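Colleague: Following is a predicted model, sequence given first.
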Amino acid sequence: MGALGNIIKKEVRELLTPATFLPIIVVALIFGSMGSTIQGIREEAEEPPVIGVINEDNNNLSMIVTKILNENAEVVFNSTTMDDKKQGLEKIKQKDGIALIIISHNFTHEILNEKPGSIEILWIMKGAGLMDTISSSAVEYLISEVNTNISKELIQGNKSINASVVLTPTNRVETTYFKNKEFIGLSPNVLTNMLSSQSIVIPIIMMMIIIMAGGIVITSMALEKENKTLETLLTLPVKRTSIVAGKIAASAIIGLLLAVIYMIGMTYYFQGFQMTDGELNLATYGLTLDSTDLLIIGISLFITLIAALSLCMVLGTFAKNYKSAQTLTFPVTMLAMIPMFLTMFADFDTLPSVLKIILFAIPFSHPMMAPRALLFDDYILVLGGIIYVSVFALVMISIAVWVFKTDRLLTGSINSRWKKLFRKHRF
Amino acid sequence: MAVVEVKNLVKNYGSFQAVKGINFQIDKGEIFGLIGPNGAGKTTTLRIISTLLQITSGSVKIMDYDLSKNPGEIRKIISYLPEDAGAYKNLTGHGYLEFIANFFESGKAQEMVSKGVEIADLGSRINDRVDTYSKGMIRRLLVGRVFMTNPRLAILDEPTSGLDVINAQEIRKLIKNTAKKGTTVLLSSHNMLEVEYLCERIALISEGIIVEEGKPGDLMNKYKANNIEEVFTKVVQQ
């Protein structure tokens, strides 16, 4: 073997380690599973939307509307009177539908008298994630088709009607029903945008704190080993719990400080992109977080930070040097990013059961989900999350202290009993 | 009075037995050396006595404290110098000594730091950051750290490992002088000549077993050897 081959062989052997490949394999698996979930949602969106129609107007223009809706959507409820509105909504909810479309009794008459005809849409919104609005977009598309076809009809019939009415022959009146609340004048898209802008800050803060403070804890453990200071530290008259608590507290302080600096920059960044939506804001619809809610979010954030740092502390005990610390930071980064993206794209309630379990099991998800859940008074999810994360943090701290009390920290080996057990159950 | 009492000490790493039931005791003010080649079990024994590793079986008592039951109390009266130990690079030498002193009796920290500075004898460099120190300077700083807390027992693993002749000699003198003031010292070395110079009593350890124990002079007479190195070779060959 030549010199070049010799060097290549040595380099490949050095790089061909689980530490190099494991993170990439994990990323591939995560993106793969996220891709199949998104594909599932897309396939669902390609299905005709499930709707109900009440047509009080029995004239030709309203018939264009019902024809388009019947041809392109799965109409599960049909009626000709507003008295059936409540019944229609119930039926659509039962059939997992998206909207009840009501054509007013004077729809055709109004258009022919140069006023846009009124179409009332009662939306049934299931989730506030970006993916959840796909099915409502399908209905939005049908309404635009309705407009186009009525415009064609008016032009072909040579009706002498005001051009602006010909171009926009209908007027939408919308109400969205979401989590037992009624939002008059809002479509699911607008409501989702409003909720997203409100709940984007905490996931980003949480993700940044976890990545930064977590990295500090793992690196701190790695440097203790690399600089050969750990052995001395462990023989000093200081309790193991104090060492663990001290490292976690210091990292939390630095992590918070870094996150504040980061957030100042991010706030200016977001301000640059912020679009005002008239006078619309969540408070108009009674969606505000009171002081108790803010306190609960604060507790959730704090407990989660402790849980994250405790997890990092446990991971840090595996770090042998600075390089391995970088690798060990990766799973924590992924655990922080997965809930951030999932909560951004879909609502907890609308996720498939497997993803729901994954999202709940990741402790970092809970403060990310808390603001939206509290806006809709879902205290069970938030308080349940706080209890779960507290238990997780306690378990992680106990494991970290236990590791500090055993030989594992110095010898890098697991207890022989566990090794035997592992060997016994290996196939 | 025995400061250290080791009885039937066994240490296993999984299926590998690193220490196989050793016994020894060290009296107050004594410098006791564990001698043996690499992998003989010296560092494992020292790490156990320093409360870093758990005992598989047997017992260790330090000043009447049982190691398995009172590791916290033992940490107050011992000081350990690991082989190739480092100091926090972002601190100055003085800052490092202060950091360590703050773990001990409150109110005596400054006194301890002054003693540490004196033992380390780094001059004005004590105020420089540790990452600017040479290996010899770091070792001196660490020896200062070990003795500044007035430990009842100083445990030194290869105290002069990796040092040049001049630095090694200075460290040896430092250890000997400090021990004269009453500190009991347990040290390990594979440098037999160093041990002969420093230790009042030695134990020869090979493959986890103490194969011989006694005063260096007595052992040389017993085995008709010119130095401890020869003693060790003869004992191992027997």
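Modeller: Arrived safely. Numbers count the residues shown, from 1 in each chain, chains lettered A, B, ... in the order given.
Colleague: What parts of chain B come near chain A?
Modeller: Residues of chain B lying close to chain A (CB under 8 Å from any CB of the partner chain) are B:12-15, B:47, B:50-54, B:72, B:75-76, B:78-80, B:82, B:84-89, B:100, B:103-104, B:142, B:145. C-beta coordinates here come from the backbone N, C-alpha and C atoms, glycine included.
Colleague: pretty sure B:Glu158 is touching B:Ala85, no?
Modeller: No: counting by CB atoms under 8 Å, B:Glu158 sits too far from B:Ala85 to count as a contact (10.0 Å).
Colleague: what's the single longest helix in the chain?
Modeller: Unless you meant another one, I'm taking chain A. helix A:240-273 (DSSP state H).
Colleague: Please refer instead to chain B.
Modeller: helix B:165-180.
Colleague: Now do whatever helix or strand comes next after it and helix B:165-180, the angle between them.
Modeller: Note on helix B:165-180: by DSSP states H and E, the next helix or strand toward the C-terminus is strand B:184-189. Counting by axes from the mean of the first three to the mean of the last three CA atoms, to 10 degrees, strand B:184-189 lies at 150 degrees to helix B:165-180.
Colleague: Could you list every helix and strand in contact with strand B:184-189?
Modeller: Here strand B:184-189 touches strand B:2-13, strand B:16-27, strand B:31-35, helix B:42-49, strand B:153-157, helix B:165-180, helix B:192-198, going by 3 or more CB pairs under 8 Å, 6 or more residues apart in numbering or on different chains; DSSP states H and E.
Colleague: Next, A:Ala406: phi, psi?
Modeller: No, residue A:406 isn't Ala; it's Thr. phi -100, psi -180 (degrees, to the nearest 10).
Colleague: what does chain A put close to chain B?
Modeller: A:227-229, A:231-232, A:234-239, A:406-407, A:410-411, A:413, A:416, A:419.
Colleague: so A:Met207 touches A:Met337, yeah?
Modeller: Yes: using CB under 8 Å, A:Met207 is in contact with A:Met337, at 6.4 Å.
Colleague: neighbour count winner among those two?
Modeller: Per other CB atoms under 10 Å in any protein chain shown, whichever of A:Met207 and A:Met337 has more neighbours is A:Met207, with 21 against 17.
Colleague: For the residue nearest to that one when sequence neighbours are not counted, pull up the helix or strand it's in.
Modeller: With CB to CB, 6 or more residues apart in numbering or on different chains as the criterion, A:Met207 has its nearest non-adjacent residue at 4.4 Å, and that residue is A:Ala336. Remark: A:Ala336 resides in helix A:322-345, with elements defined by DSSP H and E.
Colleague: just checking, what packs against that helix?
Modeller: Packed next to helix A:322-345, using 3+ CB pairs under 8 Å, 6+ apart, are helix A:18-46, helix A:201-226, helix A:291-316, helix A:353-361, helix A:365-375.
Colleague: rank those helices by pLDDT, which is bottom?
Modeller: Mean pLDDT per stretch puts helix A:18-46 lowest among these, at a mean of 71.
Colleague: ok, then the element right after it?
Modeller: Trace forward from helix A:18-46 with DSSP H and E and the next one is strand A:50-55.
Colleague: tell me how far that next one is from the chain's mean position?
Modeller: 31 Å (CA atoms, centre = their mean, to the nearest Å).
Colleague: Touching whichever helix or strand comes after that strand from outside, list them.
Modeller: Using DSSP H and E, the helix or strand that follows strand A:50-55 in sequence is helix A:60-72. With CB atoms under 8 Å, 6 or more residues apart in numbering or on different chains as the test, helix A:60-72 has contacts from A:48, A:51, A:53, A:55, A:75, A:101, A:103, A:107-108, A:111-112, A:117, A:119, A:142, A:145-146, A:149-150, A:153, A:169.
Colleague: residues in contact with B:Tyr128?
Modeller: For residue B:128 the amino acid is Asp, not Tyr. B:Asp128 sits in contact with B:Thr92, B:Gly93, where contact means CB under 8 Å, 6+ apart.
Colleague: now do A:Ile54
Modeller: Counted by CB under 8 Å, 6+ apart, A:Ile54 has contacts A:Asn78, A:Ser79, A:Thr80, A:Thr81, A:Met82, A:Asp84, A:Lys85, A:Gly88, A:Leu100, A:Ile101, A:Ile102, A:Ile103.
Colleague: For the residue nearest to A:Met396 when sequence neighbours are not counted, give me its contacts.
Modeller: Take A:Met396 and drop its neighbours on the chain: the residue closest to it by CB to CB, 6+ apart is A:Ser310, 3.4 Å away. A:Ser310 makes contacts with A:Ile248, A:Ala393, A:Met396, A:Ile397, A:Ile399, A:Ala400, as judged by CB under 8 Å, 6+ apart.
Colleague: Secondary structure element holding the fifth one?
Modeller: Same thing as A:Ile399. helix A:379-405.
Colleague: quick one, phi/psi of A:Val238?
Modeller: Here is the backbone geometry of A:Val238 (degrees, to the nearest 10): phi -140, psi 140.
Colleague: So what's the residue count around B:Gly217?
Modeller: Neighbours of B:Gly217 using other CB under 10 Å come to 11.
Colleague: so how far is chain A from it?
Modeller: 33 Å (CB to the nearest CB, to the nearest Å).
Colleague: Tell me the pLDDT of that residue.
Modeller: B:Gly217 is given a pLDDT of 90.
Colleague: Need the three-state assignment for it.
Modeller: Put simply, B:Gly217 is helix when judged by DSSP: H, G, I helix; E, B strand; the rest coil.
Colleague: contacting residues for it?
Modeller: Contacts of B:Gly217 (CB under 8 Å, 6+ apart): none.
Colleague: picking that back up, tell me the buried residues within the residues of chain B next to chain A.
Modeller: Applying 16 or more other CB atoms under 10 Å in any protein chain shown to these, the neighbour count classes B:47, B:50-53, B:75-76, B:78-80, B:82, B:85-88, B:100, B:103-104, B:142, B:145 as buried.
Colleague: before we move on, back to that, so for the helix holding A:Ala336, mean pLDDT?
Modeller: 82.
Colleague: and it with helix A:353-361, angle?
Modeller: 120 degrees.
Colleague: roughly how far out does helix A:322-345 sit from the chain middle?
Modeller: With CA atoms, centre = their mean, you get 15 Å for helix A:322-345.
Colleague: next one: stretch B:131-144
Modeller: Stretch B:131-144 has its C-alpha centroid displaced from the chain centroid by 17 Å (CA atoms, centre = their mean).
Colleague: again with stretch A:105-119
Modeller: With CA atoms, centre = their mean, you get 41 Å for stretch A:105-119.
Colleague: Can you check the distance spanned by it, start to finish?
Modeller: 10 Å (CA to CA, to the nearest Å).
Colleague: So for it, what gets flagged as buried?
Modeller: A:His105, A:Asn106, A:Phe107, A:Thr108, A:Glu110, A:Ile111, A:Leu112, A:Pro116, A:Gly117, A:Ser118, A:Ile119.
Colleague: Show the contacting residues for the residue nearest to A:Met207.
Modeller: Per CB under 8 Å, 6+ apart, neighbours of A:Ala336: A:Met206, A:Met207, A:Ile210, A:Ile211, A:Gly214, A:Ala308, A:Phe364.
Colleague: any idea how far it is from B:Gly116?
Modeller: As judged by CB to CB, to the nearest Å, A:Ala336 and B:Gly116 stand 43 Å apart.
Colleague: For residue 112, report the pLDDT, please.
Modeller: You didn't say which chain, so I picked chain A. At A:Leu112, pLDDT is 84.
Colleague: Not quite, go with chain B.
Modeller: 93.
Colleague: Can you pull out the low-pLDDT segments for the stretch 101-250 of chain A?
Modeller: Applying pLDDT under 70 to the stretch 101-250 of chain A picks out residues A:158-159, A:197-199.
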